[in-house]
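>>> Pasting the sequence and the predicted coordinates here, then a few questions.
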Amino acid sequence: MSIKGPYEIVHYFVGLSTDTKPTETAVLGDRFFESDTRLWYIYDGTSWSMLNEEFSLSLYGKCSSTMTASTTELVVPTLVGYGDDFFNNKFYIQILKNANSVGNAPEIQVRKITDYVSTTGTFTVDAFGANVEASDEIVVLHESLVAIGRDDADNVFASTNVVANADGSMIERLEWIQVALGGAATQLRVQQSVSGTVEETDLIRFQVSLMDIDSGAIASASIDITAITQTMERSRNGAAYSAISDPTVTFSKADGIVYMDYEFKAAQWQVGDMYRMSLSGITCTLHGDTAYVPAMIWNNIVVEAEDLTYNTQYLYAVADSGTTSPTKVLDNSILSILMTKESGGDTSDFDNSTDSLEAQSDKIGAFSGDGGANQDDSVKSSLDLAHTDLDAIISKLATGVGAVQIATTTEDLNQAAGTYDLLTGTTQPVILKALTIKMPTGAAGGSLTSISIQTDDATPGMIISSTLGAVANLTSEADIGWSGEMRIDVGTKIQLTIAGGAHGSEYLTKITATYQAVTAGGTLA
């Protein structure tokens, strides 16, 4: 039987690790505390050995005074005896004190332990940012402590294998919250081009714009179309849609867009056909997260114009019957009905010397409503007045309430930093619906850092922010746009602000504004 004791008196000694521990005055069971290493030892009647009364999630230690400086290998004599590989991949080391340069790296840095040699207390770790040297003070931390992290950018705990679980550990729950919120992928903004009517031989661009609300257009390298599904289908006379293979539907990508230019070939399409372009499978990488672009469908009708060359040939063919009815004008055609009042559009009695538009004009111009007593009452003068009134009416309709209007202007970015007027609300207030600014060929640069477009109201209405207008987004022929609704009162200006400085050479941008008058007569000028 090896059990000894009990003992009524236990002596406690305090000293340094460099001190020789007493043996002559010590009795079995005595304790010795090393104040510099903070370790306890117990006397077994013959020699002293380290006392591990209980294992802690953190262990203090001091690097050997003879240790060779290293970023990956630490020798800690006070932490021997735990068994080879005991700390591997479950514990981390933090440098508490850089003995010869307090406060400097690698102090406070934390690195994972990848190997441990029990007999020498040698730890192999992921590389620190600077050498760990002799007498540096360290603490060994269990991974459950490291996972909480520090208030800096040097947190090394990896959670890449953590699976989201709403009812799991703290880390699993945090992962679940991140997944539920969508992470950085929620910053994706998508805009689909309009599904318009088309005509035969039209070349139409189908486009999806992809923007990051923080940085603007998503770089082409961050757009993935390798898993894309793209189909053009046709429905004729109400039948089910079927795929059209000519031309081949192939979408491409560029910074901020996925697009395809499609030709509606006459051999494939006719009036009344319905087209349906389907697109899916696009993903983007935003700040390390994968964002999924919604499936897109463009759907509308083909309003292909008839072959005007064939159907209008009789408007320009040479007449072959003298001054009377040209035989090439078909009876009961629209042209024949314009030429004659005869039933069935019979033009056989048409005489251009009396019945042509020029002959009718001569007759009308010579006619006076009061027999010539007052020339202002003549039909010609009345028509002139009516024409003037119609011009005024057309002008008012063009600027009437709700009428869509477009204003354009240009602005050179080769100017000093400052604010420049683009358009001004005139006559009546308007509602701004959309605004785009088109870059010329070649990327912006020089001293220019960003542009923005806003109103000069006391509280400016922001149209294009300096973030969206950052010089990184002002690429060759880039088209930066805004859409929404913003009231522009009479006298309110839409202005462009240049930040940083001039481009360095002429850099002429094109600005297009789409708007509607709130009150008839409102314009942007």
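Happy to help now that I have it. Numbering: from 1, shown residues only.

>>> Could you use CA atoms for every contact and neighbour count after this?
OK.

>>> Give me the residues contacting stretch 187-206.
207-214, 259-266, 269-270, 286, 291, 293, 296, 298-305 (Cα atoms under 8 Å, 6 or more residues apart in numbering).

>>> Which residue ranges of the stretch 351-500 of the chain form helices?
Remark: helices assigned in the stretch 351-500 of the chain by DSSP state H, counting those that start in this stretch are 352-355, 357-366, 379-398.

>>> Lowest mean pLDDT across these, which one is that?
Lowest mean pLDDT within the helices of the stretch 351-500 of the chain: helix 379-398, at a mean of 62.

>>> where are the low-confidence patches of the stretch 151-300 of the chain?
151-152, 154-155, 179-180, 182-183 (pLDDT under 70).

>>> That one: helices as residue ranges?
Using DSSP H, counting those that start in this stretch, helices in the stretch 151-300 of the chain cover 170-181.

>>> And the strands in it?
For the stretch 151-300 of the chain, strands defined by DSSP state E, counting those that start in this stretch occupy the ranges 188-192, 203-212, 216-217, 223-224, 229-235, 242-243, 252-254, 257-263, 274-280, 283-286, 289-292, 296-301.

>>> These into JSON lines, with extra columns for distance to residue 514 and mean neighbour count?
What follows is the strands of the stretch 151-300 of the chain, written out as JSON lines (distance: least, Cα to Cα, whole Å; neighbours: other Cα atoms under 10 Å):
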{"stretch": "strand 188-192", "distance to residue 514": "18", "mean neighbour count": "15"}
{"stretch": "strand 203-212", "distance to residue 514": "19", "mean neighbour count": "19"}
{"stretch": "strand 216-217", "distance to residue 514": "22", "mean neighbour count": "22"}
{"stretch": "strand 223-224", "distance to residue 514": "30", "mean neighbour count": "20"}
{"stretch": "strand 229-235", "distance to residue 514": "31", "mean neighbour count": "18"}
{"stretch": "strand 242-243", "distance to residue 514": "36", "mean neighbour count": "14"}
{"stretch": "strand 252-254", "distance to residue 514": "26", "mean neighbour count": "15"}
{"stretch": "strand 257-263", "distance to residue 514": "22", "mean neighbour count": "18"}
{"stretch": "strand 274-280", "distance to residue 514": "27", "mean neighbour count": "20"}
{"stretch": "strand 283-286", "distance to residue 514": "31", "mean neighbour count": "20"}
{"stretch": "strand 289-292", "distance to residue 514": "31", "mean neighbour count": "17"}
{"stretch": "strand 296-301", "distance to residue 514": "23", "mean neighbour count": "17"}
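
>>> So which of the ones you listed is nearest residue 477?
The closest of those to residue 477 is strand 252-254. By Cα to Cα, the value is 12.0 Å.

>>> For residue 287, give its distance to residue 506.
35 Å (Cα to Cα, to the nearest Å).

>>> Skip the chain neighbours and tell me the closest residue to residue 112.
Excluding its sequence neighbours, the residue lying closest to residue 112 (Cα to Cα, 6 or more residues apart in numbering) is residue 92, at 4.3 Å.

>>> Tell me which helix or strand that neighbour sits in.
Taking DSSP states H and E as the criterion, residue 92 maps to strand 91-97.

>>> C-terminal to that strand, what's the next element?
Downstream of strand 91-97, the first helix or strand assigned by DSSP H and E is strand 110-117.

>>> Just give me how far that following strand sits from the chain centre.
Computed by Cα atoms, centre = their mean, to the nearest Å, the chain-centroid distance of strand 110-117 equals 41 Å.

>>> who's in contact with it?
Residues contacting strand 110-117 (Cα under 8 Å, 6+ apart): 83-95, 122-128, 154-156.

>>> one more time with 6 Å
Applying Cα atoms under 6 Å, 6 or more residues apart in numbering, the contact partners of strand 110-117 are 84-85, 88-89, 91-94, 122-126.

>>> Give me the angle between it and strand 91-97.
Per axes from the mean of the first three to the mean of the last three Cα atoms, to 10 degrees, the angle that strand 110-117 makes with strand 91-97 is 110 degrees.

>>> start at 42 instead
Okay, using 42 as the starting number, the last item reads as strand 151-158.

>>> What pairs with strand 151-158, parallel or antiparallel?
strand 132-138 (antiparallel), strand 163-166 (antiparallel) (DSSP bridges).

>>> Quick one: mean pLDDT for the last one?
Confidence over strand 163-166 (mean pLDDT, whole number) is 98.

>>> now stretch 527-540
The model assigns stretch 527-540 a mean pLDDT of 96.

>>> And for stretch 462-475?
Per-residue scores along stretch 462-475 average to 95.

>>> any residues touching it, and which ones?
Contacts of stretch 462-475 (Cα under 6 Å, 6+ apart): 523-536, 554-560, 562-566.

>>> 7 Å instead, please
The set of residues external to stretch 462-475 that reach it, using Cα atoms under 7 Å, 6 or more residues apart in numbering, is 450, 523-537, 554-560, 562-566.

>>> go on, stretch 271-286?
Stretch 271-286 is contacted from outside by 290, 314, 315, 316, 317, 318, 319, 320, 321, using Cα under 7 Å, 6+ apart.

>>> residues contacting the first one?
Contacts here follow Cα under 7 Å, 6+ apart; on that basis residue 290 touches 271, 272, 273.

>>> With distance to residue 441 added, can I get those in CSV?
Below are the contacts of residue 290 laid out as CSV (distance: Cα to Cα, whole Å):
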residue, distance to residue 441
271, 42
272, 42
273, 39
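
>>> Among these, which one sits closest to residue 443?
residue 273 (35.1 Å).

>>> What separation is there between that closest one and residue 339?
9 Å.

>>> Also residue 255?
With distances taken as Cα to Cα, residue 255 is found 28 Å from residue 339.

>>> What does the pLDDT read for residue 412?
Looking at residue 412, its pLDDT is 49.

>>> For burial, what's the neighbour tally of the closest residue to residue 57 other than its chain neighbours?
The shortest distance from residue 57 to any non-neighbouring residue, by Cα to Cα, 6+ apart, is to residue 75 (4.9 Å). Residues lying near residue 75 (other Cα atoms under 10 Å) number 17.

>>> Then residue 306?
15.

>>> next one: residue 194
Residue 194 has 7 neighbours, counted by other Cα under 10 Å.

>>> In CSV: the strands of the stretch 192-341 of the chain, plus distance to residue 455.
CSV is the format used below for those (distance: least, Cα to Cα, whole Å):
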stretch, distance to residue 455
strand 229-233, 31
strand 244-253, 27
strand 257-258, 22
strand 264-265, 32
strand 270-276, 42
strand 283-284, 50
strand 293-295, 27
strand 298-304, 27
strand 315-321, 40
strand 324-327, 33
strand 330-333, 37
strand 337-342, 39
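
>>> of all those, which lies closest to residue 511?
Of these, nearest to residue 511 by Cα to Cα is strand 257-258, at 8.4 Å.

>>> Who does the closest one pair with, and is each partner parallel or antiparallel?
In the sheet, strand 257-258 lines up with strand 244-253 (antiparallel) (DSSP bridges).

>>> Any chance you could give me the strand it pairs with in CSV, C-alpha atoms only?
C-alpha atoms of strand 244-253 as CSV (Å, rounded to 0.1, in the frame of the first residue of the first chain):
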residue,chain,number,x,y,z
LEU,A,244,-31.8,44.1,-82.6
ILE,A,245,-32.9,44.2,-78.9
ARG,A,246,-30.6,44.1,-75.9
PHE,A,247,-31.8,42.0,-73.0
GLN,A,248,-29.9,43.2,-69.9
VAL,A,249,-29.7,42.6,-66.1
SER,A,250,-27.9,45.4,-64.2
LEU,A,251,-26.1,44.2,-61.0
MET,A,252,-25.1,46.7,-58.4
ASP,A,253,-23.6,46.6,-54.9
